[in-house]
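K.L.:
Got a predicted structure plus its sequence, pasted below:
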Amino acid sequence: MAAVAAAIRPMRLAALTRSRCSIFQTAYNPTSARTGAKYLRARLRGPSMVNYYTPEANIAQIMRQWPELEMRNIAEEERLQDVEDKKKRGKGAPKKAKEKGDSRRASRRR
């Protein structure tokens, strides 16, 4: 049996492999180069991962959707109050410049 396998020429084996790939619609890769085909053929993981986690409840969205519920977002009100308090103490964000010449960067010397 070993003598029969040795009698088959490599060129004929390559032709057999090429025709097998065309019949079964697989990639012909005679040099065994890495192609990543295994990962490209695999099922996508994204949709099942998205379905695994429950959708997050967003209070702001619920308030916009049903205004008749008259809900209050306490965390947002607290944040706005903190920003207002900081502004009163002079710790708030700086005012944005209306023009390029008004900015602090333009007035600095290089």
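P.N.:
Sure, I can see it. For clarity, every value in this text was computed on a predicted model and none was experimentally measured. Numbering: from 1, shown residues only.

K.L.:
ok, residue 29 to residue 42 distance?
P.N.:
Between residue 29 and residue 42 the computed distance is 18 Å (C-beta to C-beta, to the nearest Å). (C-beta placed from N, C-alpha, C; glycine too.)

K.L.:
Neighbour count: these two, which is higher?
P.N.:
A count of neighbours by other C-beta atoms under 10 Å puts residue 29 above the other of residue 29 and residue 42, at 12 against 8.

K.L.:
how many neighbours does residue 64 have?
P.N.:
Other residues within reach of residue 64 by the criterion other C-beta under 10 Å amount to 9.

K.L.:
After the strand or helix carrying it, which helix or strand is next?
P.N.:
Residue 64 is part of helix 59-65, with elements assigned from DSSP states H and E. Read in the C-terminal direction, the helix or strand following helix 59-65 is helix 74-89, with elements assigned using DSSP H and E.

K.L.:
who's in contact with whichever helix or strand comes after that following helix?
P.N.:
Stepping forward along the backbone from helix 74-89, the first helix or strand reached (DSSP H and E) is helix 104-107. In this structure, residues lying in contact with helix 104-107 by C-beta atoms under 8 Å, 6 or more residues apart in numbering are 94, 97, 100.
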